[in-house]
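> Generate coordinates for the sequence data below:
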Amino acid sequence: MTARPLGHARLWRRPAGPADPRPPILLVHGGYHGAWCWAAWIERLVADGRDVAALDLRGHGGLPQPPGYAESGVTAFVDDVVAAIDAVDRPPVVVGHSLGCLLVPLAAIRRRTAGLLLLCPSPPGNLPGAAKVRLVPEGAAVPPLSVEVARARYAPHLSDAEAADLAAKLSAESPRLLNERYDLRIPVDAAAIQVPVLVVEGGRDDPERHPPGQDQAIAAFYRGHHLRIDDAPHNLMMGPGSTDWFHTIWTRFNGLTVGG
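Just a heads-up that it's a prediction; the model follows:
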């Protein structure tokens, strides 16, 4: 993978050969994370000959926090995703995880895509019945999560060493962005999404942020498809079980009409 700056963000990319007709794949991480969280998926997609790119949003993945980072809301981060879509030459399949699943549809309204894959998604603010989450203090970036909190929320399937490694890579997060998500201030015009959508639910996800039925309701909101993987946690793209989950997800997604 080679890296290139995109304003305050960064794009990692491994292009496929010129004969591959399949759309590129753009991976967009969620809160506190970075492009590093897609390492296993990138390896598998590259082995399949795919043109794959992964985005470090501004202030994530070891990037410095730009001025005003703590006041940066959804518009700034969506701009990062739009810049990444522009950089991959052809309309990509865009994969979002968690909070990234709010950025991806908003970017897809502004740019052509080949399909959306939303993993353990945060709900649009205008989703009927969506659950709010307790707000965080604003004014300064929210520190990275502790090992205990990160493991419980994201990856209870990881070993102690793997959980510690995950927590060490987490970035401080914009409280404005978190509160816009937690207070359901980010609506999405679902009618403007005109490509196939697959929403993937992890059966072992955090029930505070993903109460029963919410992920299925998100799929219906986008007139998309829903896939529940009973034994998958929030970070289903890493750790034990991730290979099987990867194949389950992409077998389902490639069955949709996305040219993939």
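
> Which element, helix or strand, includes A150?
helix 147-154 (DSSP states H and E).

> hmm, I was thinking of L26
Using DSSP H and E, the element containing L26 is strand 25-28.

> quick revisit: just the buried residues of the helix holding A150, please?
For helix 147-154, burial by neighbour count (16 or more other Cβ atoms under 10 Å) applies to V147, A150, R151, R153, Y154. Using the backbone N, CA and C atoms, a C-beta is placed for each residue, glycine as well.

> Closest to G202 out of the residues you listed?
The closest of the buried residues of helix 147-154 to G202 turns out to be Y154 (Cβ to Cβ; 10.0 Å).

> Next one: the closest one, what pLDDT does it get?
Here, the pLDDT recorded for Y154 equals 97.

> export the strand holding L26 as CSV, just CAs?
C-alpha atoms of strand 25-28 as CSV (Å, rounded to 0.1, in the frame of the first residue of the first chain):
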residue,chain,number,x,y,z
ILE,A,25,-13.1,-0.7,-2.8
LEU,A,26,-12.8,2.2,-0.4
LEU,A,27,-12.6,1.3,3.3
VAL,A,28,-13.7,4.0,5.8
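
> Show me where the stretch 51-200 of the chain dips below the pLDDT cut-off.
By pLDDT under 70, the stretch 51-200 of the chain contains no weakly predicted segment.

> what about the strands in it?
52-56, 93-97, 115-119, 197-202 (DSSP state E, counting those that start in this stretch).

> For T248, pull up the helix or strand it's in.
In this assignment (DSSP H and E), T248 forms part of helix 242-254.

> that older thread, generate CSV for the strands of the stretch 51-200 of the chain, with distance to L158 and mean neighbour count as supplementary columns.
Shown next, in CSV, are those (distance: least, Cβ to Cβ, whole Å; neighbours: other Cβ atoms under 10 Å):
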stretch, distance to L158, mean neighbour count
strand 52-56, 20, 28
strand 93-97, 16, 28
strand 115-119, 17, 27
strand 197-202, 14, 24
